[in-house]
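Chemist: Coordinates only, no sequence provided:
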């Protein structure tokens, strides 16, 4: 089963240019006839609404509420609803005669450095294609002027019933235009940032920089939509009567108790994924447990500095004690008494065995016969 996507390329790789707007670029007194072409395409998979009992398509029909009947597309026009509910009809002819110069013209109003444009203003992207041979020379002139100046052009144009802001820049050999939101359409980031005071240490910033450097850069061409690929597999499996693939078990994430430990672990994991050594001799970060919770082992963890201080203290010789004269005399007397007791004990111990030996000898002597 093949899932196809709408593309602006036809067979043979040549672009099938389908313009969505025809007009001209106004560059001072120079007019450049152009066609507006979509520069992007969507590869998302779309679904139809169906009746769950029989898979019948659910369709919407357009009814006129006054005549209570279904109407065709040719009968449908535009209208503006006033505050009191009155409908003011607006025709395509009314829109084509708007009293503004941008009705069919992309009017360049200024040239500015590209970094002056806030990315939040960026909207849809288009290619501006030269319309006919007479447009080739002025088109190329504008393109080369933008290249040499390293600037982008700011322009105003009308599309789909409203005037819009645009930015023209060079992409390859073509001129592209990005629709821009008007400045008052971009919301201010109020109430988005944390409303508490947070102190970030230099060591934390150093680890964050190390993590950024380790992750490095990426070629955007290597990135792809994994969700769409998984969805294609599910659709293909169900279309062939097979069971859809099982969802893999999500990785179990641990509780992060310390930002430094999390950063160090992230750097180590990023280096290992690239086949680099994590780096020996790096100090382990101190892990601060959450209040009211104990670690699994119940033991307190210490930093490398605290462990080194304890080891150094253990190696120091014990300090000498200062003894007073009175204490020395008392200690000498106690030592003499202990020596006397020891001598007496030895003397008694020596005599007792001698007496026992004499008694034993007398008892063992044989009696003489009478």
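Modeler: Arrived safely, thanks for sending. Since this is a predicted model, take the numbers as computed values, not measurements.
Chemist: Would you mind listing the residues in contact with residue 175?
Modeler: 127, 128, 139, 142, 143, 146, 168, 169 (C-beta atoms under 8 Å, 6 or more residues apart in numbering). Where C-beta positions appear, they are placed from N, C-alpha and C, glycine not excepted.
Chemist: If you rank those by neighbours, which is first?
Modeler: Highest neighbour count within the contacts of residue 175: residue 128, with 25 neighbours (other C-beta atoms under 10 Å).
Chemist: Which pLDDT value goes with that one?
Modeler: On the pLDDT scale, residue 128 is placed at 95.
Chemist: Can you give me the distance of it to residue 108?
Modeler: From residue 128 over to residue 108 the distance is 12 Å, taken as C-beta to C-beta, to the nearest Å.
Chemist: Next, show the common contact partners of the two.
Modeler: Contact with both residue 128 and residue 108 is made by residues 25, 168, according to C-beta under 8 Å, 6+ apart.
Chemist: Compute the number of surrounding residues for residue 78.
Modeler: A count of neighbours around residue 78, defined by other C-beta under 10 Å, yields 13.
Chemist: which residue packs closest to residue 91, ignoring adjacent ones?
Modeler: residue 77 (6.7 Å; C-beta to C-beta, 6 or more residues apart in numbering).
Chemist: that older thread, which of the contacts of residue 175 fall in strands?
Modeler: Using DSSP state E, the members of those that fall within strands are 127, 128, 168, 169.
Chemist: could I get these as JSON lines with distance to residue 218?
Modeler: As requested, the ones in strands among the contacts of residue 175 are arranged in JSON lines below (distance: C-beta to C-beta, whole Å):
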{"residue": "127", "distance to residue 218": "26"}
{"residue": "128", "distance to residue 218": "30"}
{"residue": "168", "distance to residue 218": "28"}
{"residue": "169", "distance to residue 218": "23"}
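Chemist: in stretch 168-179, what's buried?
Modeler: Judged by neighbour count (16 or more other C-beta atoms under 10 Å), stretch 168-179 contains these buried residues: 168, 169, 170, 175, 176, 177, 178, 179.
Chemist: Repeat that for stretch 111-124.
Modeler: Neighbour count says stretch 111-124 has 117, 121 buried, by 16+ other C-beta under 10 Å.
Chemist: okay, how far is it across that stretch, tip to tip?
Modeler: Taking C-alpha to C-alpha, to the nearest Å, the first and last residues of stretch 111-124 lie 20 Å apart.
Chemist: shaky segments in this protein?
Modeler: Low-confidence segments of the chain, defined by pLDDT under 70: 1-17, 99-103, 250-257, 276-370.
Chemist: Just the helices from it, written as ranges.
Modeler: 92-96, 136-149, 202-215, 226-239, 259-273, 304-315, 325-364 (DSSP state H).
Chemist: residues in contact with the second one?
Modeler: In this case it means helix 136-149. Helix 136-149 has contacts (C-beta under 8 Å, 6+ apart) with 25, 27, 30-32, 34, 111, 128, 130, 152-153, 168-170, 173-175.
Chemist: Out of these, name the ones that lie in strands.
Modeler: If you go by DSSP E, the contacts of helix 136-149 have 25, 27, 30-32, 34, 111, 128, 130, 152-153, 168-170, 174-175 in strands.
Chemist: and which of the residues you listed is nearest residue 241?
Modeler: Residue 241 lies nearest to residue 174 out of these, by C-beta to C-beta, at 46.7 Å.
Chemist: residues in contact with that closest one?
Modeler: Contact analysis of residue 174 by C-beta under 8 Å, 6+ apart lists 127, 128, 129, 143.
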